[in-house]
Structure formats: structure tokens, C-alpha cells
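J.: Sequence isn't available, so here's the structure alone:
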């Protein structure tokens with residue numbers, strides 16, 4: 001089971017990276033239909049296939065973009081089979097592993113919803129809220145698998161006093177992933193043309209924040225149908241930077257607290273945090289090169305997995321022994337201290 005869980009986790013991480021590559025290389029609509037591509041199981045690349053697709057669907061046919069999207073769908077289908085196998089195995093061993101039914105079935109539910117979001121991404125023409133939700137769904141699946149893999153392979157060892165800080169860190173990285181997805185799906189990655197300032201200012205105007213963050217709207221437009229301005233896009237980008245500051249604070253504190261319990265995990269979190277911040281700055285300074293932009297998505301996924309792995313190692317309440325009574329009276333009434341059975 002452990003090798004299969006590790007394989008599924010790595011597969012999911014690679015699929016998240018592949019999805020980022022498809023999105024950032026502007027191939028999200030490489031196939032205008034779903035689940036096939038121009039009515040067939042692969043992208044049209046022969047002359048007669050391109051002619052037929054052009055006659056049926058219209059527009060310019062770009063086989064390279066179509067194959068990127070179809071490879072992404074093939075990988076997603078393979079992940080579905082892996083998650084199904086994992087769920088069946090975990091269900092059979094749920095009592096021995098002390099796993100609830102919900103946590104076992106939830107990855108299946110998420111991956112089914114992911115398939116719907118993948119379809120809606122195409123049919124709704126890259127609507128930002130749908131594409132961002134698709135990204136969050138992939139990250140949610142990655143987090144669930146990371147939690148299961150850790151619980152199956154690693155004993156719980158962290159005291160519960162770490163739970164509030166780790167939970168806050170998890171909330172911060174989830175919010176930041178959502179903001180990063182909103183930046184990417186609105187093509188606002190270069191809206192701030194410098195760092196640390198944005199458009200030459202450290203306090204950009206936020207008067208268009210309502211229009212910029214409105215979820216129900218089409219790509220490139222406000223809810224009223226007007227075109228988004230550079231000011232709107234800069235607002236989206238600036239909020240992502242504020243989220244990065246929150247992640248930097250919470251994860252730095254978490255790594256500091258974890259250093260006494262697991263120096264190796266604390267070092268991994270610190271290294272991943274430094275890498276992610278560096279990638280974010282480099283993307284702005286180097287004008288969003290594709291490899292660095294994809295790596296930035298991977299860095300967010302890595303931070304998420306490390307945070308969830310740490311949370312999975314926090315001892316449940318039932319594993320915390322109650323403190324023994326400091327004094328037990330002997331039958332003759334003396335105050336001699338007697339060790340209770342809970343101390344052994």
C-alpha cells in the first residue's frame with residue numbers, strides 16, 4: 001500500500017505541474033470540446049484530420065496545443081484509476097489503520113468533481129473562477145493524499161500545541177494558492193512590473209478591488225462586461241503579494257516551532273519557503289518565463305504537502321494520556337506517593 005500511495009502522490013504532484021504548464025502555455029482551449037479533442041481521442045495532426053476539424057468546429061487548429069491538453073487528460077484518467085485502487089485498499093484496512101470512511105472516500109469525490117471542472121473549463125471558455133477552482137481541486141487532492149500517505153507510513157509524534165500554528169499555516173497557503181490561481185487565470189502575472197514596488201508604488205490603488213475579485217465574470221471583463229484595466233490586474237497581483245507575506249510569517253514560525261520536534265521537517269519547510277519566495281520574485285524580474293512560472297506552482301504544492309504532512313503527525317486527542325494524580329493516599333492514611341498504572 002505504501003508504494004502505491006507514494007506513486008499516487010507523485011503522480012498527482014506531476015499532474016498539478018502539467019496542468020500549470022498547459023494553462024501557462026495558453027493551451028487550455030487547445031481542444032474546444034470534452035472529453036475528446038475535435039471529436040476524436042487524440043489531437044488532429046494529419047492534414048485530413050485538421051481539415052475535418054476546421055470544417056466542423058471552425059477557427060484555427062493548433063495540434064501542439066491540442067496534444068498538451070490531451071496528455072493532461074490522459075494523466076488525469078490514470079490518476080483516477082490510481083485513486084480508485086488506493087480507496088479500495090484503504091477501505092479494506094480502515095480499522096487497522098484507524099481511518100474514517102470520509103477521509104478514504106473524499107479523494108474519489110474530489111477527483112470526480114475535478115473531471116467536471118475540467119469539462120467546465122473548456123465549455124465556459126476559461127472562466128477565471130472555474131479555472132481557479134480546478135487548480136484548488138488539484139491541490140485539495142494532493143493534500144488529501146499527502147495526509148493519507150503520512151498517516152499510513154509515519155507515527156504521530158507532535159504535541160497538540162503545534163496544531164493552531166500549523167492550521168493557520170495551512171489556511172495561509174490555501175488562501176495564497178487561491179490568490180495565485182486568480183493571478184494566473186486573469187493573466188495578471190506581469191501587471192506589477194517591478195519588485196517590491198508595483199507600478200512604481202508600494203500602495204497601489206485598491207478602488208477597483210470589487211471588480212477585480214468578482215468571481216462571476218468572463219475572462220478579461222468585469223461583471224458588467226467592461227474590459228479589465230491594468231489597474232484591476234495590478235490589484236489582483238498586489239493581493240497575491242500580501243498573501244505571500246502572510247505565508248512567509250506563518251511558515252517561518254511553524255518551521256521555528258518544529259525544529260525541536262523534527263529538525264529535518266523544519267529544514268525542508270524552510271528550504272521550500274525560501275525557494276518559493278525566490279521563484280515569485282524571479283518571475284517578476286525575468287518577465288514570467290514558462291519554466292519558472294510552472295516551478296512556482298510546484299513550489300506552492302510542495303509547501304502544501306509539507307504543511308499537511310506535519311499536521312498528520314500531530315497526536316490525536318485519544319493518544320494523549322491524562323496526567324497521573326500526583327498523590328495517592330495509602331490505606332493507612334499516610335501521604336506516601338504511589339505510582340498509578342497510567343504511569344507505566
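T.: Alright, I've got the coordinates. Nothing here was measured: the structure is a model prediction, and the numbers come from that model.

J.: any low-confidence regions in the stretch 201-344 of the chain?
T.: Confidence mapping of the stretch 201-344 of the chain against pLDDT under 70 gives the ranges 205, 318-344.

J.: show me where it has helices.
T.: Ranges of helices within the stretch 201-344 of the chain are 209-212, 230-258, 263-285, 290-312, based on DSSP state H, counting those that start in this stretch.

J.: name the helices or strands packed onto the first one?
T.: Put plainly, it is helix 209-212. helix 230-258 (3 or more Cβ pairs under 8 Å, 6 or more residues apart in numbering; DSSP states H and E). Yep, even glycine has a C-beta here, placed from its N, CA and C like the rest.

J.: I figured residue 134 hits residue 117, correct?
T.: Yes: using Cβ atoms under 8 Å, residue 134 makes contact with residue 117 at a distance of 4.2 Å.

J.: Comparing those two, which residue is more hemmed in?
T.: residue 134 (23 against 18; other Cβ atoms under 10 Å).

J.: do you know how far the more buried one is from residue 141?
T.: In this view, residue 134 and residue 141 are 11 Å apart by Cβ to Cβ, to the nearest Å.

J.: same thing with residue 72?
T.: Residue 72 is 15 Å from residue 141, by Cβ to Cβ.

J.: Spit out the contact partners of the residue nearest in space to the middle of the chain.
T.: The centroid of the chain falls nearest to residue 139 when counting by Cα atoms, centre = their mean (2.6 Å). By Cβ atoms under 8 Å, 6 or more residues apart in numbering, residue 139 lies in contact with 16, 174, 177, 300-301, 304.

J.: Need these in TSV (columns: neighbour count).
T.: Below are the contacts of residue 139 laid out as TSV (neighbours: other Cβ atoms under 10 Å):
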residue	neighbour count
16	21
174	17
177	23
300	25
301	24
304	24
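
J.: Between all of these, which two are separated the most?
T.: For these, the farthest-apart pair by Cβ to Cβ is 16 and 174; their separation is 14.1 Å.

J.: count of residues packed around residue 262?
T.: Neighbours of residue 262 using other Cβ under 10 Å come to 17.

J.: Please state the backbone phi and psi of it?
T.: phi -150, psi 90 (degrees, to the nearest 10).

J.: Pull the contacting residues for it.
T.: 157-158, 310, 313.

J.: cool, residue 9 as well?
T.: 142, 145-146, 149, 305.
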